[in-house]
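Asks: Provided below are the primary sequence and the corresponding predicted coordinates.
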Amino acid sequence: GVQSWMRHLLYAPGSNKNPVTLVILGMILRVLVWSMMLLSILANVGVDITALVASLGVGGIAIALAVQTVLSDVFASLSIGFDKPFEIGDFVVFNDVAGTIEHIGLKTTRIRSLSGEQIVCANAQLLQQTIHNYKRMQTRRIVFTFGVATATPPEKLRLIGDMVKKIITDVGETQFDRAHLLAFGQDRLTYEVVHIVNTADYNKYMDIQQEINIRIIEKLIENDIELALPSLVVRAPVQVEETRDYSNTADAKNADKRVMQ
């Protein structure tokens, strides 16, 4: 009955929960039930339960210290099962690791990275990290910049904000936030654009962003607004022809002789 209740608690319809949690709780409950039954039997046959429990307590502390790392991972697995910071199939990022959760085990969690290899993390260490769960992201706030030539006249600069707003609105699945002339550079005038993409799918977001970028380029060309290109200044060394000082009389005479010859 207790196990059925736990199964109902952990497995809600349409969700992908950690099955290891049910296994761990089942093991703990079995140990508790069998321990109570054993103590009851020993008490009925006349064994001093108080002394036995005291000795078991000391032994339990020694065992707990010996398997401290394993126990911390086991309890971390329980925490993952109840708190659900991530589930199987979620795409997570922490430190320099990025990948999809493949398996949540009793001691470790296995992650399939973007490059294909499997990364194995201890549960206790994993819960100590700041984890970004992108599977649960509903929208993306995107900030990007582009530059136009510094020679662009002010009347055309004023058109760019409204032009970008219309492009983002027409693309669909996006919400325009703002577009402003952000900064003056040596070789460009930089615009900053902010918009919201209404999808958590990374590939879909990249398709939308690509379409926005292409339409911006098309509109800039249509309005004779030049995109800023990085400038490269090459400084060539100046060669100075060596001259000789003929102020010395002997050197001057030798120079005259060479000229006469």
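Replies: Good, I have the coordinates.
Asks: Quick check: Thr139 touching Lys204?
Replies: No. Distance between Thr139 and Lys204: 11.9 Å, which falls outside the contact criterion (C-beta atoms under 8 Å). Just so you know, the C-beta spots here come from the backbone N, C-alpha and C atoms, and that holds for glycine as well.
Asks: any common contacting residues for these two?
Replies: Between them, Thr139 and Lys204 share the neighbouring residues Val197, with contact defined by C-beta atoms under 8 Å, 6 or more residues apart in numbering.
Asks: what's around Lys156, how many residues?
Replies: 15 (other C-beta atoms under 10 Å).
Asks: quick one, what contacts it?
Replies: Lys156 makes contact with 223-225, according to C-beta under 8 Å, 6+ apart.
Asks: repeat for Ser40
Replies: For Ser40, no residue counts as a contact, taking C-beta under 8 Å, 6+ apart as the criterion.
Asks: ok so it is a helix residue?
Replies: Yes. Assignment of Ser40 by DSSP: H, G, I helix; E, B strand; the rest coil places it within a helix.
Asks: what about the longest strand in the protein?
Replies: Longest strand of the chain, by residue count under DSSP state E: strand 174-184.
Asks: Report the strands that pair with it, each with its relative direction.
Replies: The partner list of strand 174-184 in its sheet, established with DSSP bridges, is strand 189-197 (antiparallel).
Asks: how about the partner strand: buried residues?
Replies: Of the residues in strand 189-197, those buried under the neighbour-count criterion (16 or more other C-beta atoms under 10 Å) are 189, 191, 193, 195, 197.
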